[in-house]
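Chemist: I'd like to go over a predicted model; first the sequence, then the structure.
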Amino acid sequence: MNNTKKPRLNLGSNSHPSTPLVRLGIPCGKKRLSFSVVGATKNESCLTGSTARRYLAHLVGLWPVFCLLSNLMLPVQTQAIPPKMRSVQVCDDQRGFIFEEDRSQFVPWGFNYDHDEGGRLLEDYWETEWPKIEDDFREMKELGANVVRIHLQLGKFMQRPDEPNVTALDKLTRLVELAEKLQLYLDITGLGCYHKKDVPLWYDGLSEKARWDVQARFWEAVAEVSANSPAIFCYDLMNEPVVPGGKRKPGDWLGPAFAGKHFVQFVTLDQAGRPRPTIARQWIKHLTAAIRKHDRRHLITVGLVSWSLDRPGLTSGFVPENIIADVDFLSVHLYPEKSGLDKAIDTLRGFSVGKPLVIEETFPLNCSFPELEEFVDKSQTIASGWMGFYWGKTPQECRQSKEIVDALMLGWLELFKKRADAIKQHQGPSVGAKP
């Protein structure tokens, strides 16, 4: 029979005053938990040799108890868990947007995050300056945005005609995760050729069919990595596509540059006797089919120039009445001109053809801030969403600048923030689902 006296743990006061008592302390979380070993001598308190092994065996067995007691003694700290992001859909009456889960209204109010204050595109700095992107997204959220439009260049996402750039897709995935974390929805606009130096030579040399096929592979790759995220508001097939009238010279796929960037692209170089709206529809259907291979729920649109209406003068070929059946909602880029608000509203009405209408780009380029605010107010009976611009400078940074462009941006950001709450609650055409 083994009469060896086993050490006992005393977590309270010394209930055995006649027994040698050694105090021990071990870390547990942010506390150091002290307790007594009853029956240990001063020499044994060093926990060496067989005594150490004996004591440690008891300590290991009771370690969960120590941690539990320690945690109970810690002050309770609560951290707010953000609500689960809900998916956006078109409401049943085709006049606005709702959240799929509870059928409540969603009004897009946000920014184009197309370039930074230095004119760099997103892909130019997301490899080396990711904290800047996080800061910019937080700032847009604080200003009252619920949607951010990002612009992706084809040349950065397609290494070859049949090979997507995995590194770029990984960055996009990380950006989608950031949007989820901040509860911001993304308007993913693709196929950009904004910087001509980033356009692959092989891409410009393709035929119409081969080019469309590469564009379809781009969208397949993007949709595959984005399909499961509730943070996707929509896929915008291309920024300001145009079907030319007649024939263009080989490789001449881009419109004139504006501020060093090519915003307009042609979807074919040769009309070849085909009706322009027919070409536009065929192009939309080709790219939509590519997206729907991986993502059958997120919305699809195309960002149209304001001169897309079937009216005398310059037209894009993407006539709203002709393409409306092939998209989930229409997007228009409309910049009111000074003393021309009535004309802008009349143009906007031309895009209201039975599905939600989003003003995907607007800004006081050619009008005053009061005029732009009046335009937003008057458009609420027609449009279901609005997006301006954010170029990486906060209002405070714009105030400290002496540049004219920063003064312009400051006025816009102050207007945006002032109107954010009211706009996102507006009850114009976005009246929710049918009962």
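Modeler: Noted; the coordinates are in hand.
Chemist: drop to CA atoms for contacts and neighbour counts, all remaining ones
Modeler: Noted.
Chemist: just the pLDDT at Pro64, thanks.
Modeler: Listed pLDDT for Pro64 reads 47.
Chemist: domains of the protein?
Modeler: 8-73, 88-424 (automatic domain parsing).
Chemist: mean pLDDT lowest for which of the ones you listed?
Modeler: domain 8-73 (a mean of 43).
Chemist: circling back: out of the domains of the chain, which one sits most buried?
Modeler: domain 88-424 (a mean of 18; mean count of other C-alpha atoms under 10 Å).
Chemist: isn't there a strand covering Val358?
Modeler: Yes - under DSSP: H, G, I helix; E, B strand; the rest coil, Val358 sits within a strand.
Chemist: does it touch Ile382 like I think?
Modeler: No - Val358 is not in contact with Ile382 according to C-alpha atoms under 8 Å; the separation is 9.1 Å.
Chemist: with just CA atoms, put stretch 251-261 into PDB.
Modeler: Taking C-alpha atoms only, stretch 251-261 is exported to PDB below (Å, rounded to 0.1, in the frame of the first residue of the first chain):
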ATOM      1  CA  GLY A 251      -7.500  47.500 -83.900                       C
ATOM      2  CA  ASP A 252      -9.400  50.800 -83.300                       C
ATOM      3  CA  TRP A 253     -11.500  49.500 -80.400                       C
ATOM      4  CA  LEU A 254     -11.400  52.600 -78.100                       C
ATOM      5  CA  GLY A 255     -13.000  55.900 -78.100                       C
ATOM      6  CA  PRO A 256     -11.100  59.200 -77.600                       C
ATOM      7  CA  ALA A 257      -9.200  59.600 -74.300                       C
ATOM      8  CA  PHE A 258     -10.600  61.800 -71.500                       C
ATOM      9  CA  ALA A 259      -8.200  62.900 -68.800                       C
ATOM     10  CA  GLY A 260      -5.800  60.200 -70.000                       C
ATOM     11  CA  LYS A 261      -8.300  57.400 -69.900                       C
END
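Chemist: name the residues that touch it?
Modeler: Outside stretch 251-261, the residues within contact range by C-alpha atoms under 8 Å, 6 or more residues apart in numbering are 193-196, 204-205, 262-269.
Chemist: any chance of the residues you listed in a markdown table, with distance to Glu414 and secondary structure too?
Modeler: Formatted as a markdown table, these follow (distance: C-alpha to C-alpha, whole Å; DSSP: H, G, I helix; E, B strand; the rest coil):
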| residue | distance to Glu414 | secondary structure |
| --- | --- | --- |
| Cys193 | 31 | coil |
| Tyr194 | 28 | coil |
| His195 | 30 | coil |
| Lys196 | 34 | helix |
| Asp204 | 41 | helix |
| Gly205 | 45 | coil |
| His262 | 29 | coil |
| Phe263 | 26 | coil |
| Val264 | 29 | coil |
| Gln265 | 33 | strand |
| Phe266 | 36 | strand |
| Val267 | 38 | coil |
| Thr268 | 41 | coil |
| Leu269 | 43 | coil |
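Chemist: is it possible to get CSV of those that adds distance to Asn239?
Modeler: Output for the contacts of stretch 251-261, formatted as CSV (distance: C-alpha to C-alpha, whole Å):
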residue, distance to Asn239
Cys193, 9
Tyr194, 10
His195, 13
Lys196, 15
Asp204, 17
Gly205, 21
His262, 10
Phe263, 7
Val264, 7
Gln265, 8
Phe266, 10
Val267, 11
Thr268, 15
Leu269, 17
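Chemist: mind checking pLDDT for Pro435?
Modeler: The model's pLDDT for Pro435 equals 31.
Chemist: how about the contacts made by the closest residue to Ala344 other than its chain neighbours?
Modeler: Closest residue to Ala344 apart from its sequence neighbours, by C-alpha to C-alpha, 6 or more residues apart in numbering: Pro336 at 5.6 Å. Going by C-alpha under 8 Å, 6+ apart, Pro336 touches Ala344, Thr362, Phe363, Pro364, Leu365, Asn366, Cys367, Leu372, Phe375.
Chemist: what do you get for Asn228?
Modeler: Here Asn228 is in contact with Asp295 (criterion: C-alpha under 8 Å, 6+ apart).
Chemist: again with the one 5 residues further on
Modeler: For Phe233, the contacting residues are Ser87, Val88, Val147, Tyr185, Leu186, Asp187, Ile188, His298, Leu299, by C-alpha under 8 Å, 6+ apart.
Chemist: Three-state assignment for it, please.
Modeler: strand.
Chemist: now it: how far from Arg274?
Modeler: According to C-alpha to C-alpha, to the nearest Å, Phe233 stands 33 Å off from Arg274.
Chemist: kindly report the same for Thr288.
Modeler: 21 Å.
Chemist: go on, Phe389?
Modeler: From Phe389 to Arg274 the distance is 36 Å (C-alpha to C-alpha).
Chemist: again with Pro241
Modeler: Taking C-alpha to C-alpha, one finds Pro241 at 17 Å from Arg274.
Chemist: okay, and which of the contacts of Pro336 map to helices?
Modeler: Members of the contacts of Pro336 lying in helices (criterion: DSSP state H): Ala344, Leu372, Phe375.
Chemist: how about the helices in the stretch 51-200 of the chain?
Modeler: 122-125, 130-142, 154-157, 166-182 (DSSP state H, counting those that start in this stretch).
Chemist: could you dump those into CSV and include distance to Gln215?
Modeler: Compiled in CSV, the helices of the stretch 51-200 of the chain are given as follows (distance: least, C-alpha to C-alpha, whole Å):
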stretch, distance to Gln215
helix 122-125, 18
helix 130-142, 26
helix 154-157, 8
helix 166-182, 15
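Chemist: give the contact list for the spatially most central residue of the chain.
Modeler: Centre of the chain computed as the mean C-alpha position; nearest residue by C-alpha atoms, centre = their mean is Leu186, 3.4 Å away. Contact analysis of Leu186 by C-alpha under 8 Å, 6+ apart lists Val147, Val148, Arg149, Ile150, Val176, Ala179, Ala231, Ile232, Phe233, Cys234.
Chemist: same question, Arg281
Modeler: Here Arg281 is in contact with Phe318, Asn322, Ile323, Asp326 (C-alpha under 8 Å, 6+ apart).
Chemist: please apply the same query to Ala179.
Modeler: Contacts of Ala179 by C-alpha under 8 Å, 6+ apart are Phe137, Tyr185, Leu186, Ala231.
Chemist: circling back: as CSV, the contacts of Pro336 with distance to Pro83 would be great.
Modeler: Supplementary listing: those in CSV, determined by distance: C-alpha to C-alpha, whole Å:
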residue, distance to Pro83
Ala344, 38
Thr362, 30
Phe363, 32
Pro364, 35
Leu365, 37
Asn366, 40
Cys367, 39
Leu372, 34
Phe375, 33
